[in-house]
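>>> Kindly return the folded structure for what I paste below:
(one chain, ligands or ions: 1)
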Amino acid sequence: PAGLYFVGTPIGAARDITLRALDVLASAEVIAAEDTRSLRHLLDIHGIPLEGRRVLAYHDHSGAGARAKLLDALAEGRSVAYASEAGMPLIADPGYELSKAAAEAGYMVTTAPGPSAALTALTLAGLPTDAFFFAGFLPNTRSARKTRLEALRDVPGTLVFYESPKRVAETLSDMSAVLGGSRPAALCRELTKKFEEIRRGTLDSIGASVADTAVRGEIVLLVDRARSEPVKETDIEQSLRDALESHSV
Ligand code: SAM
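From the prediction side, this is the model:
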């Protein structure tokens with residue numbers, strides 16, 4: 001049926017695509033992608049013919065023109081599929097402006113969901129998942145990065161960051177400085193791929209391991225929430241005595 005379909009694509013293993021996502025890609029009248037080459041490649045792997053359909057390039061800053069084209073197709077009652085280069089669209093990837101515009105215009109908006117590096121990493125990191133905060137990529141300059149980390153210091157959930165291998169050592173050292181080096185953390189690398197690796201420890205210990213051996217590939221960093229030191233029983237007794245004394249006449 002007519003409408004906009006956000007399609008989740010694999011984050012490493014080509015077979016991590018759902019049957020429904022393949023159905024949507026096989027039947028959509030208009031196909032748009034963040035990276036048209038990688039989508040053509042994915043369609044090729046799964047034997048989905050394009051049959052005269054064009055693959056349009058779209059990302060949120062490719063300008064209002066590209067978005068207008070897709071909205072026009074929706075206005076004509078067509079089905080439009082949109083996929084990212086990897087993982088879920090809109091998650092540290094384009095699609096938000098398109099989703100918003102299509103919903104505001106009243107078109108049917110739905111998704112054939114797939115994997116996302118953030119959720120995959122949370123499954124493996126060994127950190128609490130009852131509450132988490134997706135922080136995406138940190139800013140490029142060191143001072144802006146530290147300011148952002150300061151704002152995240154007291155978030156009551158596991159922090160999830162996307163990071164590049166080139167910058168990860170510097171980021172871990174900033175995190176240790178701002179969040180405290182003893183915080184439990186995990187570095188998840190090359191998820192779902194041949195060299196998948198999870199390093200679990202603290203910000204300091206993972207920072208040291210990264211300084212020893214350079215890391216390559218795609219990375220998700222996770223950091224436990226701030227935990228206040230448990231109050232010692234003797235401290236409680238002392239505080240009670242202090243309180244009683246200060247109230248005695
Ligand atoms: N939309 C994607 C998603 O749903 O996860 C994220 C796209 S974002 C532009 C790319 C970043 O996601 C990478 O730099 C890395 O931090 C993370 N990432 C993507 N695939 C990954 C993988 N297989 N293993 C670890 N991190 C990955």
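>>> Any idea what whatever residue of the chain ends up closest to the ligand is bridged to?
At 2.5 Å from the ligand, residue 87 is the closest residue in the chain, using C-beta to the nearest ligand atom. Just so you know, the C-beta spots here come from the backbone N, C-alpha and C atoms, and that holds for glycine as well. With DSSP bridges applied, the residues forming beta bridges to residue 87 are residue 9.
>>> OK, contacts around the closest residue to residue 22 other than its chain neighbours?
Spatial nearest neighbour of residue 22, excluding adjacent residues (C-beta to C-beta, 6 or more residues apart in numbering): residue 46 at 5.6 Å. By C-beta atoms under 8 Å, 6 or more residues apart in numbering, the residues touching residue 46 are 14, 17, 22, 25.
>>> what about residue 134, neighbour count?
Other residues near residue 134 number 16, with proximity taken as other C-beta atoms under 10 Å.
>>> should've said residue 101
Residues near residue 101, counting by other C-beta under 10 Å: 19.
>>> just checking, it touches residue 71?
Yes: assessed by C-beta atoms under 8 Å, residue 101 is found in contact with residue 71 at 6.2 Å.
>>> Looking at the contacts of residue 46, which are in helices?
Within those, residues falling in helices by DSSP state H are 22, 25.
>>> Could you pick out the buried ones from the contacts of residue 46?
17, 22, 25 (16 or more other C-beta atoms under 10 Å).
>>> Not counting sequence-adjacent ones, nearest residue to residue 207?
residue 172 (3.9 Å).
>>> Now do the host helix or strand of that neighbour: everything it contacts.
Assigned by DSSP states H and E, residue 172 falls within helix 168-179. Helix 168-179 is contacted from outside by 138, 142, 145-146, 149-150, 152-153, 161, 163, 183, 185, 187, 203-204, 206-207, 210-211, 215, 219, 221, 223, 226, using C-beta under 8 Å, 6+ apart.
>>> just those that are near the ligand?
For the ligand, the contacts drawn from the contacts of helix 168-179 by C-beta under 6 Å from any ligand atom are 163, 219.
>>> Need the buried ones from the contacts of helix 168-179 selected in PyMOL.
The PyMOL command for the buried members of these (criterion: 16+ other C-beta under 10 Å) is given here:
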select buried, resi 138+145+146+149+152+161+163+183+185+187+203+204+206+207+210+215+219+221+223
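>>> Keep only those of the contacts of helix 168-179 that are in helices.
142, 145, 146, 149, 150, 152, 203, 204, 206, 207, 210, 211.
>>> Nearest to residue 110, out of these: which one, please.
Of all these, residue 152 has the smallest distance to residue 110: 31.9 Å, by C-beta to C-beta.
>>> Take the contacts of residue 46 and lay them out in JSON lines including distance to the ligand.
Shown next, in JSON lines, are these (distance: C-beta to the nearest ligand atom, whole Å):
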{"residue": "14", "distance to the ligand": "12"}
{"residue": "17", "distance to the ligand": "13"}
{"residue": "22", "distance to the ligand": "18"}
{"residue": "25", "distance to the ligand": "17"}
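>>> quick one: residue 80 is in a helix?
No: membership of residue 80 in a helix is not supported by DSSP: H, G, I helix; E, B strand; the rest coil, which gives strand.
>>> With adjacent residues omitted, what lies nearest to it?
residue 30 (4.5 Å).
>>> hang on, the earlier thing: got the buried ones among the contacts of residue 46 as CSV, with distance to residue 130 and pLDDT columns?
Below are these laid out as CSV (distance: C-beta to C-beta, whole Å; pLDDT from 0 to 100):
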residue, distance to residue 130, pLDDT
17, 29, 97
22, 33, 98
25, 35, 97
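>>> Among those, which one lies nearest to residue 192?
residue 17 (11.5 Å).
>>> Backbone dihedrals for that closest one, please?
Per-residue torsions, residue 17: phi -130, psi 140 (degrees, to the nearest 10).
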